[in-house]
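**Student:** Can you look at this prediction? I've put the sequence above it.
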Amino acid sequence: MNPDQGAIEPGLRKHANAASFPSTPAKSAMPAWYPQLLDAIAQRITLGRLRATAAINRELSATNWAIGKLILERQNDEGWGTRVIDRLAADLKTEFPGARGFSPRNLKYMRAFAEAWPEQAIVQRVAQLPWGHNVILLDKLSDTESRLWYAAAAVENGWSRAVLVHNIETRLNERSGKAVTNFTATLPPSDSDLAQQATKDPYVFDFLALTDRRHERELETQLVQHIEKFLLELGQGFAFVGEQVRLEIDGDEFFADLLFYHLKLRCYVVIELKAVKFDPGFLGQLGMYMAAVDDLLAYPDDKPTIGLLLCKSKNNLVAEYALRSSSMPIGVSEWKSEIVKSLPEEFASSLPSIEELEAELAQENSITDPANQGEKP
């Protein structure tokens, strides 16, 4: 064969390449409606991925529950010990080469998972979480009610494992919605319930390193420096607007400590920080800031500004009486810079450390494929 047979001359080759691989048109050459099309498709892809992840989590949890139930039932009937689980783990690895997630430790978690949730209807409620989250619920909590509460909150707010652990350790379920407020008397019922649930008491700022606990400016500065952790503690829906927000009233200047906007409540939230015990006189200053924000910053579609007063300590009854005299929606809570212990010391010491959990759960990405734990072809 002629070595040149079928060859393309340089000029023709360049033309062929250009025809086969056309250059990407510039965005400026696209129609005006193109950005909307791109956004719509990107949102659909994101939604599809979220649904796929949720489906994988449900399948994996259902499979692990079924495995755990079989182990639990056989163990209850026959009374065998952990040596069978060790043998089972080895045989499953042989049966499904390359599959991960069948270590003796993980099989014991599956057994504990089935024991914690004996009813399949309840399993469906926690099955939306990744397996690693369910392991944390088993390790960190001992009662069904708390596990269900944290499972629902983790699903609703999209908590990572680290956030879930933090919220359990700071007893979020005991603090959520507990601020002393007058919301029921000052807000419509639909808004008052949501506003109440957006509060905590106490707020735990365990990321602070204060040198003088009576220095409010230092407290404010550190909260802003750790704004991501601060927002995490405030909860979902809070958007940071600014610190020491200037409010000019008829030529006089005033400065609100911290200003947020709540995306669900559709209103501004003024937070005032106090490094001392609650005093009823604090409400007057906060109420003035709230009124100024309503007039100077809020848009007509925004709902009335909410105030949140964070004090080092408070007398709940005094706070309740003081709030009765206010026509503005205000909540009063304490703040703490130390972590709140969530478990008895003797029980907590028997649990694996966070580092051990992370090491064990590092394989989570490889076991979230239902094919790894399905039936053998």
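**Tutor:** Looks like it came in fine. Numbers count the residues shown, from 1 in each chain.
**Student:** so which helix or strand takes in the most centrally placed residue in the chain?
**Tutor:** With distances taken as Cα atoms, centre = their mean, residue 159 lies nearest the centre of the chain, 2.9 Å away. Applying DSSP states H and E as the criterion places residue 159 outside every helix and strand.
**Student:** check contacts around it.
**Tutor:** Residue 159 makes contacts with 133, 153, 167, as judged by Cβ atoms under 8 Å, 6 or more residues apart in numbering. In short, each C-beta sits where N, CA and C put it, glycine included.
**Student:** The host helix or strand of the first one: what's the following helix or strand?
**Tutor:** When elements are assigned from DSSP H and E, residue 133 belongs to helix 131-140. Where DSSP H and E defines the elements, the next helix or strand beyond helix 131-140 is helix 144-157.
**Student:** Show me where the stretch 51-200 of the chain has its strands.
**Tutor:** Assigned by DSSP state E, counting those that start in this stretch, the stretch 51-200 of the chain shows strands spanning 180-181.
**Student:** returning to that earlier point: I'd like the contacts of residue 159 as JSON lines, with neighbour count and pLDDT appended.
**Tutor:** As requested, the contacts of residue 159 are exported to JSON lines (neighbours: other Cβ atoms under 10 Å; pLDDT from 0 to 100):
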{"residue": "133", "neighbour count": "24", "pLDDT": "95"}
{"residue": "153", "neighbour count": "17", "pLDDT": "94"}
{"residue": "167", "neighbour count": "24", "pLDDT": "94"}
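**Student:** Residue 278: which of these is nearest?
**Tutor:** Within the contacts of residue 159, proximity to residue 278 (Cβ to Cβ) peaks at residue 167, which comes in at 25.4 Å.
**Student:** Help me confirm that that closest one comes into contact with residue 151.
**Tutor:** No - contact criterion Cβ atoms under 8 Å: residue 167 and residue 151 do not qualify, at 11.7 Å.
**Student:** could you point out the longest helix in this protein?
**Tutor:** Using DSSP state H, we find that the single longest helix of the chain is helix 34-78.
**Student:** Kindly provide the whole-number mean pLDDT of it.
**Tutor:** Average pLDDT, helix 34-78: 86.
**Student:** Now do the contacts for residue 220.
**Tutor:** 243-244, 257-258, 273.
**Student:** how about 7 Å then?
**Tutor:** 243, 257-258, 273 (Cβ atoms under 7 Å, 6 or more residues apart in numbering).
**Student:** buried stuff in the helix or strand harbouring it?
**Tutor:** For residue 220, the host element (DSSP H and E) is helix 216-225. For helix 216-225, the neighbour count (16 or more other Cβ atoms under 10 Å) marks 216, 218-220, 222-223 as buried.
**Student:** ok, so what distance separates residue 75 from residue 65?
**Tutor:** 15 Å (Cβ to Cβ, to the nearest Å).
**Student:** between the helix holding residue 133 and helix 34-78, how many degrees?
**Tutor:** 50 degrees (axes from the mean of the first three to the mean of the last three Cα atoms, to 10 degrees).
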